[in-house]
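Visitor: Okay, sequence plus prediction incoming.
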Amino acid sequence: MRRGPLLALAGLAAALAGSEWLNGRWSRTLVADDARPPGGTQAVVVLGFRNPGPAANAVNRWRVRAALRSIDPAARATLVLSGGATTGGRSEASVLSTHAVAVLGYDGPVVLEEESHTTWENVACVLPLVEDADRITIVSQPAHALKARVYARRQRPDLAGRLTRADDHRWGEWLALKPVLAAYGLWTLRGVRADLRRP
């Protein structure tokens, strides 16, 4: 095989491996110790994504799936769906709820937060709803969830020790898009880098 194709393959492999590593790292950053005992109460917060139609788009469908697999089966969990209407129709929270209940069969407690329109607002509106939970698990793409955890620590530092990791990163999942997600993640986290350097 010629050198050019080999270099291209090596570059592709490096991009995929690097983006997997980044997304995995973001998923594990600013979360409480994974060795915490199971049980107690858990609030699983799903951040909505722009959804122009009445049915959940691919990103929102994935976020709900990731949320449901993030539920601790030993905990008393509540699904908290966050996001207002962005196109004049249904709220993102309502779209997420329909997908979780009607499509995926979730039958546990659900709370809708339908006023927020930005990540900062998502966090500000949700925290009063979940402040009594033993664990607060924020679900989105890894970089976006990390940004939300940074915002949660800024707004309510007293809750920082309750922020737990979501099952939002699995090796090989969204593999073809991981380099794009990693590039977007680096861009979206640029404003919170100082927070990520704190011990």
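Guide: Yep, it's here.
Visitor: where does this structure have low pLDDT?
Guide: 1-18, 33-37, 87-88, 172, 174-176, 198-199 (pLDDT under 70).
Visitor: Let me see the ranges of the strands in it.
Guide: Ranges of strands in the chain, per DSSP state E, are 41-47, 76-82, 110-113, 135-139, 163-164.
Visitor: For Arg76, see how far away the spatially most central residue of the chain is.
Guide: A centroid search over the chain (C-alpha atoms, centre = their mean) returns Ser140, at 1.9 Å, as the residue closest to the centre. Per C-beta to C-beta, to the nearest Å, Ser140 is found 23 Å from Arg76. All C-beta atoms are positioned from the backbone trio N, CA, C, and that covers glycine.
Visitor: and what of Arg162?
Guide: Taking C-beta to C-beta, one finds Arg162 at 15 Å from Arg76.
Visitor: on that earlier part again, buried deepest among the strands of the chain, which one?
Guide: strand 135-139 (a mean of 28; mean count of other C-beta atoms under 10 Å).
Visitor: Isn't Ala152 up against Glu131?
Guide: No. At 10.4 Å, Ala152 does not count as touching Glu131 under the criterion of C-beta atoms under 8 Å.
Visitor: could the strands of the chain be laid out in a markdown table, adding distance to Arg193?
Guide: Listed next are the strands of the chain as a markdown table, based on distance: least, C-beta to C-beta, whole Å:
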| stretch | distance to Arg193 |
| --- | --- |
| strand 41-47 | 20 |
| strand 76-82 | 24 |
| strand 110-113 | 27 |
| strand 135-139 | 19 |
| strand 163-164 | 18 |
